[in-house]
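# 3D, please:
(one chain, ligands or ions: 1)
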Amino acid sequence: MPSQETINPAARVRSFPVVERHRFIWVWPGDPALADPALVPDLHWNDDPAWAGDGSLIHAKCDYRLIVDNLMDLTHETFIHADSIGDDHVAEAPFDVTHGERTATVTRWMIDIEPPPFWRAQYGKPGRVDRWQIIRFEAPCTVAIDVGVAATGTGAPEGDRSQGVTMVVINTITPATDKTCHYFWANARDYRRHEQLVTTQIKQGVTRIFAQDEAIVEAQQRAMDENPDHVFYNLNIDAGSMWARRVIERMVAAEQAPQRVAAE
Ligand SMILES: [Fe+2]
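The predicted model follows:
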């Protein structure tokens, strides 16, 4: 109100603590006294000069937790992304699940395989590879996925990735309503970093792949809406998303507990 001498003190909106980090703006909607920037998940790949990439935003018509479920179980790639990153190896390879207070991690190695089309193109040469997917959920709703391929037998599982390419797929989701969410995604790679063409092509490729996911999670939401009494069964592969959901549930309960006491 630049032409106004005095401003009605009632004309104001609530403000929220924010922190800008790793090209995202992190909003704290809770008690401002408890806002702690140390709680912002580490997504440094998104603005680290050692990495290059780009991202976008999807307004998904689903419960935000369905996105987490989708990311924690990448065996869906075999069926939904068969023309790019999916193949039988993803569904058949063994996997490990670990968890902490605020995290859940699913690790999968596919040793000595022919890479699927997307990874063949990123790798840029013929030959068999070791492929990895290390999926890390961090509270409240961020999933960073360390993926890549390296020449088989060159020590990638032991930590030497010098004969391969690595990408981190960054996913961070903000609920909008019970049945909609803002799905922010980005990817960062450690190879051909100064080639804008590669950045653009990967962004277009991931945009197409994530549209396939969007169709599935929105169909899941519709199916859940139409069958509210349906009982869900968890399979072994759901261990990662179960731990992630447990972390989220604990945080929601902790946040609501003092409010409940105050209301009583
Ligand atoms: Fe997917």
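# The residue lying closest to His81 once chain neighbours are set aside - how many residues pack around it?
Nearest non-adjacent residue to His81, counting by Cβ to Cβ, 6 or more residues apart in numbering: Ile209, 5.4 Å away. Glycine gets a C-beta too; all of them are placed from N, C-alpha and C. Here the number of neighbours of Ile209 (other Cβ atoms under 10 Å) works out to 19.
# and what of Val247?
As a burial measure, Val247 scores 22 neighbours (other Cβ under 10 Å).
# ok, back up a step: enumerate every residue touching the residue nearest to His81.
The contact partners of Ile209, by Cβ atoms under 8 Å, 6 or more residues apart in numbering, come to 81, 84-85.
# Quickly list what the most centrally placed residue in the chain is bridged to.
When Cα atoms, centre = their mean is applied to the chain, the residue found nearest the centroid is Asn171 (2.8 Å). Note on Asn171: beta-bridge partners Val143, Trp185, judged by DSSP bridges.
# Tell me where the protein has strands.
Using DSSP state E, the strands found in the chain span residues 18-21, 24-27, 52-60, 95-99, 103-113, 129-138, 142-151, 164-177, 180-189.
# Nearest to Ala215 among those would be which one?
strand 52-60 (10.3 Å; Cβ to Cβ).
# Return the set of buried residues in that closest one.
52-55, 58, 60 (16 or more other Cβ atoms under 10 Å).
# cool, and stretch 171-188?
171-174, 179-181, 183-188.
# which of these sit farthest apart?
Applying Cβ to Cβ across these, the maximum distance is between Lys179 and Ala188, 30.3 Å.
# rewinding a little: so the residue nearest to the centre of the chain sits against His182, correct?
No. Asn171 lies out of contact with His182 (Cβ atoms under 8 Å); the separation is 11.4 Å.
# What count of nearby residues applies to Ile25?
Neighbour count of Ile25, defined by other Cβ under 10 Å: 9.
# list the contacts for it?
Applying Cβ under 8 Å, 6+ apart to Ile25 gives the contacts 18-19.
# Can you name the residues bridging to it?
According to DSSP bridges, beta-bridge pairing links Ile25 with Glu20.
# Tell me how far it lies from Thr142.
Relative to Thr142, Ile25 is positioned 14 Å away (Cβ to Cβ, to the nearest Å).
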